[in-house]
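Participant: No sequence on hand, only this structure:
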């Protein structure tokens, strides 16, 4: 929608400039005739009327052009939005169907007593894990819907170092369970920024979750914070594989996982797009840097203090 607004403003300005230039040329020609034939040997009332008619014609032509371009841009935007909605529906159905199939299969096996006694607990754990996957997906969908609708939280002074430490602690089990090596570099001192704490925590958590989900066992990841003058940079780096340049350009679009290096059925495909929406709402930036320090790549969030 912001892109459409920008196009409308640009086309409106172009239309006004073109109209002004054409009108100025016509008025200039009329002024030349007035000076050259100051004895009124020409029927200036007719020329004046013609000048007015030409000005009206220019306005009609420029207005027609503006309306035509506006209609084209609106139709293109609507088409993009419909395609995006269809993709969202298809992706939601796909990502919900996978854990639901697993839950149904395990539940039926338990119901029909087809599971050995020693494996019953494992089956319950599997069901619980799949339910958590569905909950994570639904939470991301709700968050994305709220952000797309323009809903924002109030900004308050937030200790970002303490927040980042709590995120690391919350995901430490997942990091260790996947046998990921990790390095943490978070300053000891308190660093405060003006932010919406719940949204910021969701954004940073999504980046960490992304690193855990989409890296192979044994990969080294790094989570840190760098203070630079009036800015802070939060990074989540890894020494996993590079991301192709054609994918890199669209990595923050929703459901990019279906067309990327990510394995099918891994994650919700909304995590990074939510990150982009949240960080942008705080006048910050998030980008993928390849390479980053001693690592293959990193997602880097820059925020103002």
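Facilitator: Received it, and whenever you're ready, just let me know what you need. Keep in mind it's a predicted model, so treat the numbers as computed, not measured. Numbers count the residues shown, from 1 in each chain.

Participant: The protein: helices as residue ranges?
Facilitator: For the chain, the helices defined by DSSP state H cover 2-36, 44-111, 120-148, 160-177, 197-213, 245-248, 271-281.

Participant: so residue 99 makes contact with residue 135?
Facilitator: No: taking contacts as CB atoms under 8 Å, residue 99 lies outside contact range of residue 135: 9.8 Å. Where C-beta positions appear, they are placed from N, C-alpha and C, glycine not excepted.

Participant: Neighbour count for those two, which is higher?
Facilitator: residue 99 (21 against 11; other CB atoms under 10 Å).

Participant: Okay, that one and residue 110: tell me how far apart.
Facilitator: 16 Å (CB to CB, to the nearest Å).

Participant: what distance separates stretch 290-305 from the middle of the whole chain?
Facilitator: 17 Å (CA atoms, centre = their mean, to the nearest Å).

Participant: what's in contact with it?
Facilitator: Counting contacts by CB atoms under 8 Å, 6 or more residues apart in numbering, the residues outside stretch 290-305 that touch it are 160, 191-195, 203-204, 207, 210-211, 220, 222, 230-243, 248, 272, 275, 279, 282-289.

Participant: Equivalent analysis for stretch 125-142, please.
Facilitator: Applying CB under 8 Å, 6+ apart, the set of residues contacting stretch 125-142 is 92, 95-96, 99-100, 102-103, 106-107, 206, 268, 270-271, 274.

Participant: neighbour-wise, which of those residues leads?
Facilitator: Neighbour max across the contacts of stretch 125-142 (other CB under 10 Å) = residue 270, 29 neighbours.

Participant: Relative to residue 147, how far out is that residue?
Facilitator: Counting by CB to CB - residue 270 and residue 147 are separated by 10 Å.

Participant: ok, residue 70 - how many residues close by?
Facilitator: 16.

Participant: And for residue 9?
Facilitator: So residue 9, with other CB under 10 Å, has 10 neighbours.

Participant: Would you agree residue 159 is in contact with residue 190?
Facilitator: Yes: counting by CB under 8 Å, residue 159 does reach residue 190; the two are 5.1 Å apart.

Participant: Comparing those two, which residue is more hemmed in?
Facilitator: Higher neighbour count among residue 159 and residue 190: residue 159, with 15 against 9, using other CB under 10 Å.

Participant: contacting residues for the more buried one?
Facilitator: 190, 191, 192.

Participant: Any idea what it is bridged to?
Facilitator: Counting by DSSP bridges, residue 159 is bridged to residue 192.

Participant: go on, residue 301?
Facilitator: Beta-bridge partners, per DSSP bridges, of residue 301: residue 234, residue 286.

Participant: start to end distance for stretch 221-239?
Facilitator: 7 Å (CA to CA, to the nearest Å).

Participant: chain center to that stretch: distance?
Facilitator: 20 Å.

Participant: Number the residues from 45 up from this point.
Facilitator: Taking 45 as the first residue, the last one we looked at is stretch 265-283.

Participant: What are the contacting residues of it?
Facilitator: By CB under 8 Å, 6+ apart, stretch 265-283 touches 204-205, 208, 211-212, 219, 224-231, 235, 237, 248, 251-252, 254-256, 259, 263-264, 336-349.

Participant: For PyMOL, what selects the buried ones among these?
Facilitator: Under the burial definition 16 or more other CB atoms under 10 Å, those of the contacts of stretch 265-283 that qualify are selected in PyMOL by:
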select buried, resi 204+205+208+211+212+219+224+226+230+235+237+248+251+252+254+255+256+259+263+264+336+339+340+341+342+343+344+345+346+347
